[in-house]
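> need the 3D shape of this:
(chains A and B)
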2 protein chains.
Amino acid sequence: MTMYAFTRSQNLFERAARVVPNGIYGPMSPAFLVPGHYPYFFQRGAGSHVWDVDGNEYIDYMCSYGPIVLGHCHPKVEAAVAAQQQAGNCFNGPGSAFVELAERLVDLTPFADWALFAKNGSDVVTWSLLVAREHTSRPKIVMADGTYHGTDAWCTPLTAGTTPADRAEILTFKYDDLADLQRVVAAHHEQIAGIIVTPFRHEAFHDQEMPGTGFHQGVRELCDAHGIVFILDDVRAGFRLHLGGSLEGLGVRPDIASYCKAIANGYPLSASVGREFLRPAAERVFLAGTFFMSAVPMVAALATLEELAASGAIQHMWHVGTLLGRGLEDQARAHGLPINVTGPPAIPFMSFADDPDFERNRWFCAACAARGVYFHPHHNWFLSAAHTEEDIARTLDVTDAAFRSVKEKWG
Amino acid sequence: MTMYAFTRSQNLFERAARVVPNGIYGPMSPAFLVPGHYPYFFQRGAGSHVWDVDGNEYIDYMCSYGPIVLGHCHPKVEAAVAAQQQAGNCFNGPGSAFVELAERLVDLTPFADWALFAKNGSDVVTWSLLVAREHTSRPKIVMADGTYHGTDAWCTPLTAGTTPADRAEILTFKYDDLADLQRVVAAHHEQIAGIIVTPFRHEAFHDQEMPGTGFHQGVRELCDAHGIVFILDDVRAGFRLHLGGSLEGLGVRPDIASYCKAIANGYPLSASVGREFLRPAAERVFLAGTFFMSAVPMVAALATLEELAASGAIQHMWHVGTLLGRGLEDQARAHGLPINVTGPPAIPFMSFADDPDFERNRWFCAACAARGVYFHPHHNWFLSAAHTEEDIARTLDVTDAAFRSVKEKWG
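Got it, this is the predicted structure:
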């Protein structure tokens, strides 16, 4: 195997560091990756493969941190986009796709009676808190301690620049601990507008955690018992577990849910869907943004949702993700390296046991990147409908070498 | 003149009203327009013209609420977009355009040493408040009473769903009233992190107000005297008054400024630019969003900024906006109708005197819409580089008929 070099990525990063705080910010920052042994800048994608600015090709297991659910440059999505783009994108009002997409989401989502759109996951997640407050005339929101719901001040994981007032109305509980949640609700229920949860725990720098049987059902019952709004943050998981919302497979239905990432196969869009009883509050809480009605992401979403349903993409992602996870587990066992593969197969993560600072994982991911497989050492991964069994087989050739390298380095 | 019908817009709106709160939300809501006499849904744009879903053609004076600064589907922007889109848009990291665009903004903006990007104006405006707080270790932000800075909870004009904590650290003063600002600063300066202002007052449902000579200079001096960060919200005005920031023509330079709307001719992008002394704080305040690094809006912004500079677009918008404003004033005088044309010529607004509920203006805008000219009765308008003298002449034919209609209705 030829080992990759990252010269252009590094040169571009040096230029970026002069004119951008941190050079690259957020989870794509080299500080979150593998400095010096990883690509930072990309130039092309097709299906399950991406190419960095040095021309190196990768099998892509991040899918742009989630959006690329059908594969890069999916022909049906791109055809819809090209047709709309020729007519224009951003107008003085929405296009007809706005109505069709809202109707489609309401059709797809058993609990939803309405939908609306914005750009970021945070736009709709934070707005849903205000809708819950407006509906209940109560101020407090309960969230799981440490859950990532975005970088708005009420929840950003790095609190620089925030003030105590930003979290004055936030209560926390331990994820997947119903007794702890019951304790918080018992103490404050007359003040609690909403409880917000993710379908499973998928924070960076942690193994993923699937909640125990009955957790989400318990949240539902607490909400019903106390007139609290059940808010689902389905930004990261949405459209990779179930097309009707990520809790649908568990038979649990929230009152309001947020989508983003995978909804339009990489085009910028987020959505909130909710029940009829929240419509009056949703009509009173103001939401506006210059690009919220733009047509291109909406036709992309319509094409994406249609293809996801028609192609059995979710089952496919489950299948290839399972092949990947089992392959990694078998190889690690053969190398005598204890690992944890966590999360649902379409959104997996792998970590090494006894690797609290993720040093082994960074080494492993760097070894994979140098050989054409793009993983992330601290953040969960994503499969797409474009990943093939051949991709997985080629990937496992690379990971075998990477495990060997970890074994040689750390024993 | 054939009068337009809006049948398809109305039918689509009826469908939307079933599945979207308010049918259409934000300033594009029919509640903010002219119910029944106005197009709500659009299908195409080219240059200074747009077509609604009924096939009616308009000369467009809203430019999608600002973004379309070069005209719809500008060939140079679309060519850059098409080339990037073929390669992909949303990857695991930025493309080279990210670095080129940050370098370009730093070059264009005399006070800026760095830049970064997000999707909405609110993303960067609200983030800049946190940067000011992080830099100063002070909690409070001073804003002008009633100024629109977006729909985040600290500033949304409709407060449904917000809590007192959301504004616990916000102080207000009267825009363009330095004595009032001095009073607020004198009382709280040890607690004040930043003062945020817009280049001029451009709130909906108000005439626009150009600040008096010395206002922004006074803000600058107060900030310097008390170690307060001068935050410019240039989201709406940016790139229509000056390419180096909208206060550059006044010789005033803020410490940090936010751009959005016009930066990429309709592609979704916002940016923050700031001074070197704020870089450490900017590096500590976390900012992340799934689509923040997407390449298509960045190549669109590079093409837009290049064309704005090369074509003398700002002078052109000034020229055609002045022709429009003077034409409206002359016609209104001839009809014996007192009006106010306010704001800079590239971002004008027209209202009728003695029309506190904007009834005359809604009638006027409906009369124009029915004849192929798209104005807004409550929100400022926008010119683009694509508006021609012929557009203005055709527009003034229409407005003459619309003024006559107002005169007949109200005398």
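
> near chain B, which residues of the stretch 301-411 of chain A are found?
A:Y374 (CB under 8 Å from any CB of the partner chain). The C-beta positions use only the backbone N, C-alpha and C, and glycine is treated the same way.

> which residues in the stretch 301-411 of chain A form helices?
Secondary structure of the stretch 301-411 of chain A, counting by DSSP state H, counting those that start in this stretch: helices at A:313-335, A:359-369, A:389-410.

> and the shortest one, how far out from the chain middle?
Translated: helix A:359-369. Remark: helix A:359-369 is offset 22 Å from the chain centroid, using CA atoms, centre = their mean, to the nearest Å.

> return the set of buried residues in that helix.
By neighbour count, with 16 or more other CB atoms under 10 Å in any protein chain shown as the criterion, the buried positions of helix A:359-369 are A:360-369.

> same question for the longest one.
With burial defined by 16+ other CB under 10 Å, the residues of helix A:313-335 counted as buried are A:313-314, A:316-325, A:327-328, A:331-332, A:335.

> and the buried residues of helix A:359-369, which is closest to chain B?
Ranked by distance to chain B (CB to the nearest CB), the buried residues of helix A:359-369 are led by A:A369 at 10.5 Å.

> tell me which residues touch the closest one, please.
Going by CB atoms under 8 Å, 6 or more residues apart in numbering or on different chains, A:A369 touches A:4, A:34, A:37-39, A:58, A:375.

> go through those residues and name the one nearest chain B.
Nearest to chain B out of the contacts of A:A369 is A:P39 (CB to the nearest CB; 6.9 Å).

> test my guess that that closest one contacts A:T7.
No - the pair A:P39 / A:T7 is not scored as a contact, 10.5 Å apart, by CB atoms under 8 Å.

> pick out whichever of the two has more residues nearby.
In this view A:P39 and A:T7 are compared by other CB atoms under 10 Å in any protein chain shown, and A:P39 has more residues nearby, 27 against 10.

> who are the neighbours in contact with that one?
A:P39 makes contacts with A:4, A:6, A:9, A:52-54, A:56, A:58, A:369, A:374, B:92-93, as judged by CB under 8 Å, 6+ apart.

> kindly state the pLDDT recorded for it?
pLDDT recorded at A:P39 is 96.

> and what of A:M28?
With respect to pLDDT, A:M28 has a value of 87.

> same question for A:G36.
pLDDT, A:G36: 80.

> my guess is it contacts A:Q10. True?
Yes - the pair A:G36 / A:Q10 is scored as a contact, 7.2 Å apart, by CB under 8 Å.

> need phi/psi at the residue nearest the centre of chain A.
The residue lying closest to the centre of chain A (CA atoms, centre = their mean) is A:R236, at 2.2 Å. Note on A:R236: backbone dihedrals following degrees, to the nearest 10 are phi -80, psi -40.

> got a pLDDT number for it?
Note on A:R236: pLDDT of 98.

> quick one, what contacts it?
Contacts for A:R236 were tallied using CB under 8 Å, 6+ apart; they are A:66, A:121, A:198, A:202, A:261, A:347, A:380.

> try it again with 10 Å
A:65-66, A:121, A:148-149, A:198-200, A:202-203, A:246, A:259-262, A:347, A:380, A:382, B:290 (CB atoms under 10 Å, 6 or more residues apart in numbering or on different chains).

> return the distance of it relative to B:G23.
With distances taken as CB to CB, to the nearest Å, A:R236 is found 30 Å from B:G23.

> quick one: contacts for the closest residue in space to A:A385 that isn't next to it in sequence?
Leaving aside its sequence neighbours, A:A385 sits nearest to A:A313 (CB to CB, 6 or more residues apart in numbering or on different chains; 3.8 Å). If you count contacts by CB under 10 Å, 6+ apart, A:A313 has them with A:69-71, A:239-240, A:243, A:262, A:304, A:307, A:346, A:383-386.

> A:F42 against A:I68, yeah?
No - the pair A:F42 and A:I68 fails to qualify as a contact (CB atoms under 10 Å) at a distance of 11.6 Å.

> between the two, which contacts overlap?
With CB under 10 Å, 6+ apart as the test, A:F42 and A:I68 both reach A:50, A:60, B:88, B:90-92.

> what ranges does chain A have for its helices?
For chain A, the helices defined by DSSP state H occupy A:7-19, A:75-87, A:96-108, A:121-136, A:178-188, A:215-226, A:279-284, A:295-311, A:313-335, A:359-369, A:389-410.

> these: which one's closest to A:D207?
Comparing the helices of chain A by their distance to A:D207 (CB to CB), the top pick is helix A:359-369, with 11.0 Å.

> make TSV out of the contacts of A:A313 and add distance to B:R279, neighbour count and pLDDT.
Converted to TSV, these look like this (distance: CB to CB, whole Å; neighbours: other CB atoms under 10 Å in any protein chain shown; pLDDT from 0 to 100):
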residue	distance to B:R279	neighbour count	pLDDT
A:V69	36	31	98
A:L70	39	25	98
A:G71	38	23	98
A:F239	38	27	98
A:R240	37	29	98
A:L243	44	16	98
A:A262	34	31	98
A:T304	38	28	98
A:E307	43	19	98
A:A346	39	27	98
A:L383	38	30	98
A:S384	37	29	98
A:A385	41	26	98
A:A386	39	24	98
